[in-house]
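Trainee: What shape does this take:
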Amino acid sequence: MRSWVYGVLVATVFVYAAYLIGAYYTITHLPPIPSEVVTDSGKLLFTEIDIKEGKYLLQKYGLQDYGSVLGFGGYFGVDYTSYMVKFISEEDAGVKNYLKNLNGKVIVSESFARGYERGVDYFSKLFGENSEKVGLKPNLISDKGEVRKIVSYFTWSAMIAFAGYTNGFPYHPGYIEPKVDVTIGTWITFFAILLSVMFVAGFLIIKFLDYWNDPRTPVSLPEPTKAQKIALFGMLLAVFGLGIQGLLGGYLMHKYAEPSSLFGMELNAILPFNTARALHYTLAVLWIVVSWTSFALFVLPYFGIGISEKRVLGILGLGAIVSLGTLFGIYASYMQLIPGKLWFLVGAQGRPVITQGSVWLTIIALTVFYLAYLFYKASKLATEILRPFAKILSISLAGTAAGAFIGALPLIQPWEHFTVDEYLRWITIHSFVEGFWPPIVITILVSLLIIAGLLPVRLGLSIVGVDAILEIATGMIGTAHHYYWGGQPTFWLYVGALFSTLEVIPIGFLIAYSLVIWRRSKLENELQKTLLTFILIAAFGGAVGVVAFGAGMINMPIINYYIHGSQGTMVHAHLAMPLAYGIPTVLMWVVAFYLSGGLSERWLRIFRFAGIIFAVGFYLQVILSLGLIMPKQFSVVLDEGYWYMKSLFTTDWEPGFWMRNDIVIHVWSRIFGDLVSAAAIALFITALLTGYLKIMRGR
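Mentor: Predicted coordinates:
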């Protein structure tokens, strides 16, 4: 049993060591930033300082939660890089022929300068007089000097694309087209997954045959203590966080179709698109993390760790302060209510997905490190059955905390170079959703199955061990599939293509585990039925969202090239996140409240029904809306270039892609899925609130 624990530890050390080594090579091979860009006649357009200050301002105003740079950022709003590619190429037909060396002073044509000035004029209107029309805060940026610096940053991102630093991205027919590496990388993905699946499948079949007939011994858990029941309050707060996140999702859907108003009400001065988007996905992370922290506090006594009521209250209180501080900080930062440079510390970093200020992210990292320490202690005190699971949880939590701390860097102000920022940002994101979160979830779910008497211990540990080792190693190194087009050295394209394909293997087998357990188990009570139902929902959601729509589609370089940052990513996220992580989190609520006497067996049946309805809602979103928009975006990229895929208005202020009648209909069709999921969330809230009141009365 120890070998699995050591394997998880080795995988964790390996991936961070690999990224440390990779960081040195990447940072010494960055796309250069010119010292200055001047025209043939000697006119200065912008300098290195302008480019760096432009990046700073872009993050300060939260503009990557509306549009994107090189496809990285919001899925709605202008791709700033490709718009500048269009402006410049229309004015300077020979631009790609002379933009080869960007070191030092770069001399450009007068035509290039006209394209640059067109960009300044366009974005001055987009961020100024027309900002409310596109879903942003009214007159977001009135200082034209700031706009020039921001456009200088956009122009630099276009220049490195023209110069070939981004593997031929973003696509602009006749000017920027994919390199051969993109096709070769795709071949590697097919070969790697076919070769690997055979060996992993054979190994798992052997383990099933070896361990399936081992004894299953249900574990009787004692009545939760008062301290454990206090932890339930964190889960109650989390379910309300889920509800608010859902409302923000509906609001954002409406903004896609009518960015200037909400049923005639002009709310952009109060809640513009970029602010709502940042709050929406941040709440997704917060309600899951708060739930897991609360569940950890609830179960640690079963692992032999005594926790006082004061300590539980202290940790939950800190979590509440950090959560509220994070949300208020994002809102205040994007609404320009935080003075000076404090916005980066306690507001919003302006980096999509890890938007929270560096102070809040640092506190989150320290809190998760503390939980890792508690589970390390538990691995020495728990019963023999649970010790290896506690160790794997400890390592996985520590890996997540390390990633969170990397996301807080450089602590004081933004990174100056886009490529460095993207390199580190994605390490943080993957340390959550694709690196260390999967082994945390699988370890908890398998532990519950063992406690419920549905799975033999040795088989459960084999499943956890294989999944944790493969997921950490491949999911973390697979971060590199986000390095295809960000200016990182080309070798990362091959690394990303290989490892991001391999990472789906352990997730893909989850559906197989679940089906076999369901087929071979005798379900004797409502809790067992609820456990297996939720695990099946999560496994199927992970298989579809991560395997099919993740590695199977959008991660392949030649496909990702054309739909990078499209609604294809939304399809992947809206299945993987709520089903692979959301549903297991809901199951944690169910188990904790049931063991505490807050949920009757009737409520368990209702929860099973609600869990299925919750999943159906997200599948409807994909079938009726997101999944229909994605191929149309792919089509327009091929016809017009990448710039048109995310256009609300064209470069000439004509109606763009999002204003097409068929696209507006597809956007509105998402409301059916939203309403179905909302009904399930309402049931979750009702059940937990009723259960909590029942438990409090019983105290």
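Trainee: From here on, just use CA atoms for contacts and neighbour counts.
Mentor: OK.
Trainee: next one: stretch 291-304 to chain centre, how far?
Mentor: 25 Å (CA atoms, centre = their mean, to the nearest Å).
Trainee: contact partners of that stretch?
Mentor: 221, 227-229, 231-232, 234-235, 238, 306-307, 312, 316, 371, 374-375, 378-379, 381-383, 386-387, 390, 585, 588-589, 592 (CA atoms under 8 Å, 6 or more residues apart in numbering).
Trainee: residues in contact with Lys380?
Mentor: So Lys380 contacts Arg387 (CA under 8 Å, 6+ apart).
Trainee: Also the one 3 residues further on?
Mentor: For Thr383, the contact set (CA under 8 Å, 6+ apart) comprises 303-304.
Trainee: how about a cut-off of 7 Å?
Mentor: If you count contacts by CA atoms under 7 Å, 6 or more residues apart in numbering, Thr383 has none.
Trainee: and what of the one 4 residues further on?
Mentor: If a contact means CA under 7 Å, 6+ apart, then Arg387 has 379-380 as its contacts.
Trainee: how does it look with 10 Å?
Mentor: By CA atoms under 10 Å, 6 or more residues apart in numbering, the contact set of Arg387 is 1-2, 5, 303, 375-381, 393.
Trainee: before we move on, the earlier item: just the buried subset of the contacts of stretch 291-304, please.
Mentor: 227-229, 231-232, 234-235, 238, 312, 316, 371, 374-375, 378-379, 381-382, 386-387, 390, 585, 588-589, 592 (16 or more other CA atoms under 10 Å).
Trainee: tell me the contacts of Ser521?
Mentor: Taking CA under 10 Å, 6+ apart, one finds 453-455, 515, 528, 532 in contact with Ser521.
Trainee: repeat that for 8 Å
Mentor: Counting by CA under 8 Å, 6+ apart, Ser521 has contacts Leu454.
Trainee: so where's the longest helix in the chain?
Mentor: helix 661-698 (DSSP state H).
Trainee: so how far is stretch 258-265 from its chain's centroid?
Mentor: With CA atoms, centre = their mean, you get 28 Å for stretch 258-265.
Trainee: again with stretch 81-91
Mentor: With CA atoms, centre = their mean as the basis, the mean position of stretch 81-91 lies at 30 Å from the chain mean.
Trainee: What are the buried residues along that stretch?
Mentor: Buried residues in stretch 81-91 (16+ other CA under 10 Å): 81-89, 91.
Trainee: Just the C-alpha atoms of that stretch, please, in CSV.
Mentor: The C-alpha coordinates for stretch 81-91 follow below in CSV (Å, rounded to 0.1, in the frame of the first residue of the first chain):
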residue,chain,number,x,y,z
THR,A,81,-4.5,40.7,-30.9
SER,A,82,-6.4,39.6,-34.0
TYR,A,83,-8.1,43.0,-34.4
MET,A,84,-4.7,44.6,-34.5
VAL,A,85,-3.5,42.0,-37.0
LYS,A,86,-6.4,43.0,-39.2
PHE,A,87,-5.9,46.7,-38.8
ILE,A,88,-2.2,46.4,-39.6
SER,A,89,-2.4,43.9,-42.4
GLU,A,90,-5.1,45.9,-44.2
GLU,A,91,-2.8,49.0,-44.2
